[in-house]
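**Q** I would like the atomic coordinates for the input below:
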Amino acid sequence: MQILSGMRAGLLAMAALVGAVSVAHADSATIRIRIFKAGFIIGGSAGEGVLTFHGQNYPLSIGGLSYGFTFGASETRFHGTVSNINRPSDVNGVYGQGGAGAAIIKGAQGIVLANQSGAVLTLAGEQTGLIVSADLSGLVLSLK
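**A** The predicted model follows:
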């Protein structure tokens, strides 16, 4: 009985160690993106960017839709990090957000988003243009 209990404890400890090792292998990368957004009630956004992972640059394509109160047009240039990834393709996916904001000529922005794979974008940047929004939006990032 004690042998079975000891084996069970050992197996649980090994399972916990394997889980910790797989999380420890998650990596991060830097990202730079440029997004153009325009709309009247329904908005659209498009852009491009570059993911730098282990010294390699990977071009990105960006698109999205928003619904709510949106009026105007803007350009936002973000830079930041992508964490919790194992390979460049982990950045692919849909990132959703709800928010409100405004920019008249220039404004600062900061945002944290996650996709369905667990990749987390932490971005900061500057928005230029004339836009007022209070909406729900989705952003799709994909490697070109």
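**Q** so what's the gap between the helix or strand containing Val50 and the chain middle?
**A** Assignment of secondary structure by DSSP states H and E places Val50 within strand 27-53. When C-alpha coordinates are averaged (C-alpha atoms, centre = their mean, to the nearest Å), strand 27-53 and its chain have centres 10 Å apart.
**Q** tell me the buried residues in it?
**A** Residues 29, 31-35, 37-39, 43, 45, 47, 49, 51, 53 are the ones in strand 27-53 that count as buried (16 or more other C-beta atoms under 10 Å). The way it works is simple: take the backbone N, C-alpha and C, and place the C-beta from them, glycine included.
**Q** so where's this structure uncertain?
**A** Residue ranges of the chain with pLDDT under 70: 1-25, 97-105, 134-136.
**Q** with adjacent residues omitted, what lies nearest to the residue nearest the centre of the chain?
**A** Among the residues of the chain, the one closest to the centroid is Leu121, at 3.3 Å (C-alpha atoms, centre = their mean). Leaving aside its chain neighbours, Leu121 sits nearest to Leu113 (4.6 Å; criterion: C-beta to C-beta, 6 or more residues apart in numbering).
**Q** now the longest strand seen in the chain against strand 27-53, angle please.
**A** Of all the segments of type strand in the chain, defined by DSSP state E, the longest one is strand 56-85. Strand 56-85 runs at 160 degrees relative to strand 27-53, counting by axes from the mean of the first three to the mean of the last three C-alpha atoms, to 10 degrees.
**Q** in its sheet, what does strand 56-85 sit against?
**A** The pairing partners recorded for strand 56-85 under DSSP bridges are strand 27-53 (antiparallel), strand 120-143 (antiparallel).
**Q** if we can go back for a sec, right, and the residue nearest to Leu121 touches Gly93 too?
**A** No - in this structure Leu113 lies outside contact range of Gly93 using C-beta atoms under 8 Å: 9.9 Å.
**Q** from Ala29, how far off is Gly55?
**A** 10 Å (C-beta to C-beta, to the nearest Å).
**Q** what do you get for Gly72?
**A** Relative to Ala29, and taking C-beta to C-beta, Gly72 is found at 32 Å.
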